[in-house]
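Chemist: Sequence first, then the predicted structure:
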Amino acid sequence: MGFQGGRGGYDRGPREMHKAVCADCKKECEVPFKPREDRPVYCKDCFSKHKDGGR
């Protein structure tokens, strides 16, 4: 038997997406994880701004 499971998950089909509202622009978006109340969620545009901009 080959290795199955782990972090790859390529054989499981599409990832489950969750609806969220961007903390910056307030636009509705979908993210591949379950949003938490205590962490901001960003759409892909705002996320790349935060990632590239640093602090």
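Modeler: Done, it's in. Residues are numbered from 1 along each chain as shown.
Chemist: When you work out contacts or count neighbours from here on, use the C-alpha atoms and nothing else.
Modeler: Noted.
Chemist: which residues sit against the helix or strand bottoming out on mean pLDDT in the chain?
Modeler: Sorted by mean pLDDT, DSSP states H and E, the helices and strands of the chain end with helix 44-53, the least confident at a mean of 87. Residues from elsewhere that reach helix 44-53, judged by Cα atoms under 8 Å, 6 or more residues apart in numbering: Cys22, Asp24, Cys25.
Chemist: Which one of those residues sits in the busiest neighbourhood?
Modeler: When neighbours are counted as other Cα atoms under 10 Å, the busiest of those turns out to be Cys22, with 19 neighbours.
Chemist: roughly how far apart are Asp45 and Ala23?
Modeler: Between Asp45 and Ala23 the distance, using Cα to Cα, to the nearest Å, works out to 12 Å.
Chemist: Please say which of those two ends up with more neighbours.
Modeler: The residue with more neighbours, out of Asp45 and Ala23 and counting by other Cα under 10 Å, is Ala23; that gives 15 against 11.
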